[in-house]
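Q: compute the structure for the input listed below.
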Amino acid sequence: MNMKRMRGRHHRTGGSSGGGGGSVRQQNGQIPLNRNHVFDSNGPDLRIRGTAQQLFEKYLQLGRDASGSGDRVMAEAYFQHAEHYFRILNAMTQAAQQNQQERQARQRPAAAAASDDSEGDVPAPAEDVSNDKGKPQADVELASAEV
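A: This is a model prediction of the structure:
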């Protein structure tokens, strides 16, 4: 094997370009918080693949089944796995709410700036000016003749 080729193989910072079965990870090494992300879970005695929601429900059901059959140790192992995916779901929900709040916060100042700019660009009509310079010439002459 060529050692130079092997050195850089597992240091990608994301994306799925090329072979290998590596999972997509962000630059900080964490799995992206996406509700549609598929996990490969190695449970206590079996391997399950699915989204966090699917894995949570599956391990919860397996825990109930094991508890019903009297295997308390296996039931606890399944419930611990279910709790892990429950925590992942909560983290995803919190991240989605935080992203939504950040988007709304960015949109509010932009919308306020856009409305302020649009109001400042419209010139005032000539009739609204209250001094004599804004009045038609005939009105100025009539006003001075009446005095």
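
Q: over to H37. Which of the three states is it?
A: Following DSSP: H, G, I helix; E, B strand; the rest coil, H37 is assigned to coil.

Q: surely it is in contact with Q53?
A: No - taking C-beta atoms under 8 Å as the definition, H37 is not a contact partner of Q53, at 10.5 Å. From N, CA and C alone the C-beta is placed, and that goes for glycine too.

Q: count the residues that sit near A66.
A: 20 (other C-beta atoms under 10 Å).

Q: work out for me the element the nearest residue to it once chain neighbours are set aside sits within.
A: Among residues not flanking A66 along the chain, A75 sits closest, at 3.9 Å (C-beta to C-beta, 6 or more residues apart in numbering). A75 belongs to helix 72-121 when assigned by DSSP states H and E.

Q: now do that helix: which elements does it pack against?
A: With contacts taken as 3 or more C-beta pairs under 8 Å, 6 or more residues apart in numbering; DSSP states H and E, helix 72-121 sits against strand 39-42, helix 52-68.
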